[in-house]
Structure formats: structure tokens, C-alpha cells
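J.: just to be clear, the model below is a prediction. Sequence and coordinates:
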Amino acid sequence: MDVSVIIVSWNVEDLLKPCLDSLWASGLVFNGPEANAEVIVVDSGSHDGTVDMIKTTYPDVILLPHDDNIGFVKGNNIGLAAARGHYLFLLNPDTEIVDDAIQQMVGYMDAHPEVGIIGPHTLNTDGTTQPTRRMFPTKALAFFESTWLQPYAPKSMLARYYVEEKADTDIFEVDWVQGSAIIVRREVYEQVGGLDESYIMYSEELDWCHRAKDAGWGVVYYGAASIIHHGGKSSEQAGSWKHIHFQKSKLRYYEKYHGKAFATVLRQFLRLNYSWQILIESVKSLLGHKRSMRQERIQTYRDVLRSGL
């Protein structure tokens, strides 16, 4: 088996169907004696008809259903353990493969045995580029990235992090690629293990790429092949937990690679950041500016603070 495509689904039936259709249209063969690929769907307790849809419409899919929401990271690890392919392709259910993108990336990895992880050029629904290549975040970046301070970050810092000097359609080495579509060589998986389940959601691919690079493998952004990522449809269902998981994962990463003391400082900063956001949103709400939206944000930020991060 050349390629195992692993998808974790949670109440995204309407998006999962075009994702699977795009895989069947990609040129890979998923059944019969010529089969060179398999699709594994780990369903995380969906109640929208996903399981029945797969059983009825895609009988060749290896379906691993669960009664409860087991989480994105654990779901992927279950899929990885069941996979037989030499290349392990983690793919979000809200994506679509463009043409022969998978074969292009696999072909590149075949020709470059030092490359352990690869990710494609990712497009938004409207056809614009979704930045998915990164360098490892620095300590300084921790206080800017995904906080209210990001617009005030030094431009050179953000340019380095997002690898802005490179064209979107180029092929080049990076530190990590976004996990919405990421191919990992089996040897990497066997050497460094699966995703770290301490990350419930977010930063798990950053950590995985970090471990792979520490083990001597290359990570490549392959801009010549494209996918479409409709973006965050599962995480939209998470509400306040989206913020909580994101920040907890961020803290987990910095504690793991930069030490507990730094993570403690960062945790206090993030708490202050959310407190400041509550104050700003409260003032705007009192002034009558989009009051309903402001109150919803205030509740979300309070939930984050209650979580303790």
C-alpha cells in the first residue's frame, strides 16, 4: 500500500462527502487488485449521519466509528495505528484534493529520501492562498502571535515565521507545515511516534514536525501541488473550547521546548491578555456597539480565564 489517507470526522457530513469524492477523482486506486491507496475515516461520535453516509456511499472506506468525541489528535493516532501505507496522509474532512496533488508530493518524497514530512499549497474556498508553511516560533513571537498584540509585532518577525520571502508555488524546506494536509513517511512515524495526545487540538503538527526535524528528517512545503481547505468547520463547533485548546496547546509547546519557567510567564501574559480583551469588549458593549457580539466575546474570554489555562 503506497498511501494511507487518514481523516478524523466530527459532524461534517456535508463537507466530508466532497472530500472523499475528490480523493476518488485524484487518480489513486482504492479497491481491487490495482489498489495503491486506502482511506481510513475515524469518526468521533458524529450525530449528523456521517457514519451511515460512509457505509452507504463509500463501502471501500475503512470506517472506525466511536460513540464519543475522542478528539482530533487521538483520532488521528487511531488512524495511524490502523494504516498500512508507506506514506501516511493526515487530511482534514473539510478539504478537497486538487488533481493529482497526492501523487506529486509522494513522487517528490520518493526522489528525496531525506524528506520525512511534506505539505501542499493550500487554498481557501475563494481560491486565495492559506498560509500553511512556518518556521519554529521564537520566545518573542509567543507574546505576539494570536494575541491582540499581533498587529504590532515587528514585520521581520512575522515575515520570518510565515516564510513570506518565498512564493506560494515554490518548493522549499521549512520547519513545519499545517496539519490540515500533511504527509508523513512511515519511517518517521516509526521513529518518533504518533501525535502527542497532550495536545487536544492545535500545535500537534508543530510538535510532530519538531520531533521529526530533531531526528534528522527534512520538512518540505510543496507549493506545486494544491488542496482546498474550507477551514475550521469542526473547531467552529467547539465555542469557548477553541480558544482554551489553542492556548493550552501553545503553552504545552513552549513548556516542552523552552522550559517550565518560560511557560509560566507566558501563561500569566495570556491571562492578562484575555482580561484586557474583556475590558475592551465591555466598554464597546456599554457604548452600544454590536452589543450582542461583544457579550458573546466577553463570555468566551471569561470561560478561558475560568479554565486557568
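T.: Noted; the coordinates are in hand.

J.: can we go C-alpha only for contacts and neighbour counts from here?
T.: Noted.

J.: how close does S307 get to R267?
T.: With distances taken as Cα to Cα, to the nearest Å, S307 is found 12 Å from R267.

J.: can you give me the helices in this structure?
T.: Taking DSSP state H as the test, the helices found in the chain are 13-24, 50-57, 72-82, 101-111, 139-142, 155-161, 186-192, 204-214, 240-258, 260-286, 291-307.

J.: ok, which of those helices comes nearest L149?
T.: Nearest of the helices of the chain to L149, taken as Cα to Cα: helix 260-286 at 9.0 Å.

J.: pull out the buried positions in that closest one.
T.: Buried residues in helix 260-286, counted by 16 or more other Cα atoms under 10 Å: 263, 266-267, 270-271, 273-275, 277-278, 281-282, 285.

J.: which one of those is nearest to D303?
T.: For the buried residues of helix 260-286, the closest approach to D303 (Cα to Cα) belongs to Y274, at 9.9 Å.

J.: grab the nearest non-local neighbour of that closest one.
T.: Nearest residue to Y274, sequence neighbours excluded (Cα to Cα, 6 or more residues apart in numbering): Y301, at 5.8 Å.

J.: got it, and I244?
T.: Once flanking residues are discounted, I244 sits nearest to V304: 5.5 Å by Cα to Cα, 6+ apart.

J.: who touches the one you found in this structure?
T.: Contacts for V304 (Cα atoms under 8 Å, 6 or more residues apart in numbering) come out as 240-241, 243-244, 274.

J.: now R302
T.: The neighbourhood of R302, defined by Cα under 8 Å, 6+ apart, consists of 274, 278.

J.: and it, how far is that from Y274?
T.: In this view, R302 and Y274 are 8 Å apart by Cα to Cα.

J.: try G27
T.: As defined by Cα to Cα, G27 lies at a distance of 47 Å from Y274.

J.: surely T169 and G223 touch.
T.: Yes: assessed by Cα atoms under 8 Å, T169 is found in contact with G223 at 3.9 Å.

J.: which residues do the two both contact?
T.: H121.

J.: which one of the two has more residues nearby?
T.: Taking other Cα atoms under 10 Å, T169 and G223 do not tie; G223 has more neighbours (20 against 16).

J.: let me know the pLDDT of that one.
T.: For G223, the model assigns a pLDDT of 98.

J.: quick one: contacts for it?
T.: Applying Cα under 8 Å, 6+ apart, we find G223 in contact with 120-121, 168-171.

J.: can you list the domains in this structure?
T.: Following automatic domain parsing, the chain resolves into domains at 3-137+166-236, 237-307.
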